[in-house]
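1. Kindly return the folded structure for what I paste below:
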Amino acid sequence: MGTDGRCPWCGNQPDYIEYHDNVWGRPVTARDELFEKLCLDGQQAGLSWLTILRKQAGYRAVFADFIPETLAEYTQADIERCLQDRRIVRNRRKAESIVGNARALLAMEADEENFTRFLWSFVGGAPIINEWNRMDEIPTETPESRAMSRALKKRGFRFVGPTICYAFMQAVGMVNDHLVTCPVRAETLALSRRLQPS
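-> Below is the predicted model of the structure:
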C-alpha cells in the first residue's frame, strides 16, 4: 500500500502524489485536455510516467499548449527547433507524433467526428468503475483500450498502442482504477458517477 493508503504506484514523490490525488482518475471531457493527455501518454513509451510528468510544463511551452490548430501548422523546421529544447524528451518520432496527432484530430473534425465523444465511446460514454484490492489485479490493457488503439491508428494517430491507451483511459477517468483502499477513491467515484446514465 502506498503513502497514507494511496495507490502504491505514486510512492512518496510529492509531485507524483499531487498527480495521483488531483488528476489521475478524474473524468476529463475537454477536447484539448484529452488531446494533451493522449499525446503525453505516448511520450512515455519506454520511459516512466514520472519522467514525462516532470517535463509536462516544458512540453506545453514547446508544443503550443497542445492546441491542435496551432500544432497542425508546425513545419519540419518547427519540429527541428523543438528537438533542440531540453525541456522535452528529444525523440524525433515522438515529437513528430504530436504534430501528426494534431492533424489527425483536425481531420476527424473535418469529417464531423467529435473527438471527445469518439474517445468516450469506448467506455460507453461513462466511466468504468473497477474494484481492485491490489495493484497486480489491474490490467495493462483491456478490450476497450485495444479497440481505442485500433481506431486511433486507423485515423492516423501514432504512439497510441493498447497499453498507452489504457494508461490514458486511467488518467482521464474513463476507467477508475483507484484501489478500494485508496483515500482518493471516494472523491473520484463521485465525479465518475456524475457521468453515469441516470
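2. Pro14: neighbouring residues, count only.
-> For Pro14, the count of nearby residues is 9 (other CB atoms under 10 Å). C-beta coordinates here come from the backbone N, C-alpha and C atoms, glycine included.
3. Ok, Asp41 next?
-> Asp41 has 24 neighbouring residues, counting by other CB under 10 Å.
4. Which element is encountered next along the chain beyond the top helix by length along the chain?
-> Looking across the chain with DSSP state H, the single longest helix is helix 92-110. Next helix or strand after helix 92-110 toward the C-terminus (DSSP states H and E): helix 115-120.
5. where in this structure is pLDDT low?
-> 1-3, 196-198 (pLDDT under 70).
6. And the strands in it, which stretches?
-> Along the chain, counting by DSSP state E, strands occupy 128-129, 175-176.
7. by contact count, what packs against the last one?
-> The criterion is 3 or more CB pairs under 8 Å, 6 or more residues apart in numbering; DSSP states H and E, and the helices and strands that strand 175-176 contacts are strand 128-129, helix 185-193.
8. Turn the ones you listed into JSON lines, columns for distance to Phe115.
-> Shown next, in JSON lines, are those (distance: least, CB to CB, whole Å):
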{"stretch": "strand 128-129", "distance to Phe115": "20"}
{"stretch": "helix 185-193", "distance to Phe115": "20"}
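9. Need the ones you listed in CSV (columns: distance to Met108 and mean neighbour count).
-> Shown next, in CSV, are the helices and strands packed on strand 175-176 (distance: least, CB to CB, whole Å; neighbours: other CB atoms under 10 Å):
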stretch, distance to Met108, mean neighbour count
strand 128-129, 23, 16
helix 185-193, 26, 16
